[in-house]
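Asker: Provide a 3D model corresponding to the input given below.
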Amino acid sequence: MINTIPEFLYHLLIEQYGETLTNTILESYSQKRPVTLRANTLKSDIDDVKTVFENLHISYQEVSWYKDALILENISEEQIKNLEIYQNGEIYLQSLSSMIPPLVLSPNESENILDMAAAPGGKTTQILALSENKAFITACEKNKIRAERLQYNLNKQGANRVNVMIKDARQLDDFFSFDKILLDAPCSGSGTISIFDKKLETTFTEDLVNRSSKVQADLLRKAITLLKTGHEMVYSTCSILAKENENVLRKFIDLKQIEILPIDVSVFTDAILLPTSIEGTLCICPSNLYEGFFVAKLRKL
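Answerer: Down below sits the predicted model:
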């Protein structure tokens, strides 16, 4: 272990980002982030949620790039989970970084949208809310227990225009065709690790990164097959390693199967952005507010 993270990860970060940014990332691995959430506009709206918090004397900060998101101060997730607005699905606890891919996807009414790795359902319900409950969503989850959790969250959030498929998205029939796809791909989680995780040395391994990148490429290949020509998808991970991000995309860019649609990164004024080797993609540095996250918007050629 180097600086309390696996040695191979340290060397990957140094190679990709250099010493100064690596030290910033390492510092973030020891930070505790505040509770963040979004108003579930399928059941409520942000003004009603703010009123509830104000009446309970719970302090919050607004998020400049997303009007439905809040950062709570001096309160724990456990305390929030005891509130009625949580228990009846009017709010959804979600990291700020994970709210970004659905916003970049920009879902519209009547679109058929695929969420390829949907559990536990935060992004799925957000996509439906952003479409004002007018999109049609297919949500895949291969694990039965996780799929049951996904269905529970969908029911709780009032997301009734979602079809859950207990299936590995890589095995979907090619006759499916979608207007938009969210591929929030399974990954190593290099943007979210904590140095306080006592199992980190055994769970975060080089093999995990290698296996993740293979699964990611397989999922992206299937996504391109299922996406309508000329239509858009979002690829995202909670990893900050190029091997799971730019390197996965580059294979398909070089084959002229997809092109990058640049993300306007200027809106994320309170986030530290990491450099990427593909212009127009977004990589957020883990920090006291944000998990490390990579997001790319793609168009099928």
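
Asker: and Asn155, what is it in contact with?
Answerer: By CB atoms under 8 Å, 6 or more residues apart in numbering, Asn155 lies in contact with nothing. Yep, even glycine has a C-beta here, placed from its N, CA and C like the rest.

Asker: what secondary structure does it sit in?
Answerer: The local conformation at Asn155, judged by DSSP: H, G, I helix; E, B strand; the rest coil, is helix.

Asker: check what pLDDT it gets.
Answerer: Here the pLDDT value assigned to Asn155 is 97.

Asker: may I have the phi/psi pair for Leu213?
Answerer: Not Leu; residue 213 is Ser. phi -60, psi -30 (degrees, to the nearest 10).

Asker: isn't it right up against Lys243?
Answerer: Yes: contact criterion CB atoms under 8 Å: Ser213 and Lys243 qualify, at 5.2 Å.

Asker: out of those two, which sits in the busier spot?
Answerer: Shown here are Ser213 and Lys243; by other CB atoms under 10 Å, Ser213 has more neighbours (22 against 17).

Asker: tell me the confidence at the more buried one?
Answerer: Reported pLDDT for Ser213: 98.

Asker: repeat that for Ile260.
Answerer: So, for Ile260, pLDDT stands at 98.

Asker: and it, what does it touch?
Answerer: 249, 253, 278-281, 296-298.

Asker: quick one: buried residues of stretch 228-247?
Answerer: For stretch 228-247, burial by neighbour count (16 or more other CB atoms under 10 Å) applies to 232-246.

Asker: out of those residues, which sit inside helices?
Answerer: Counting by DSSP state H, the buried residues of stretch 228-247 place Glu246 in helices.

Asker: which one of the buried residues of stretch 228-247 is nearest Thr22?
Answerer: Ile240 (10.4 Å; CB to CB).

Asker: for the nearest residue to the closest one once chain neighbours are set aside, give me the pLDDT.
Answerer: Excluding its sequence neighbours, the residue lying closest to Ile240 (CB to CB, 6 or more residues apart in numbering) is Gly292, at 4.2 Å. In this model, Gly292 is scored at 98, pLDDT.

Asker: can you count the residues close to Gly292?
Answerer: Count around Gly292 with other CB under 10 Å applied: 25.

Asker: format the contacts of Ile260 as CSV; extra columns: distance to Glu15, neighbour count and secondary structure.
Answerer: Below are these laid out as CSV (distance: CB to CB, whole Å; neighbours: other CB atoms under 10 Å; DSSP: H, G, I helix; E, B strand; the rest coil):
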residue, distance to Glu15, neighbour count, secondary structure
Leu249, 19, 23, helix
Ile253, 22, 16, helix
Ile278, 17, 16, coil
Glu279, 20, 7, coil
Gly280, 23, 15, coil
Thr281, 19, 22, coil
Ala296, 21, 28, strand
Lys297, 26, 21, strand
Leu298, 26, 26, strand
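
Asker: residue ranges of the strands in the stretch 1-150 of the chain, please?
Answerer: Along the stretch 1-150 of the chain, the stretches classed as strands by DSSP state E, counting those that start in this stretch are 36-39, 60-63, 66-72, 91-93, 112-115, 136-140.

Asker: for the stretch 201-301 of the chain, what spans make up the strands?
Answerer: Using DSSP E, counting those that start in this stretch, the strands of the stretch 201-301 of the chain run over 227-237, 258-261, 282-284, 293-300.
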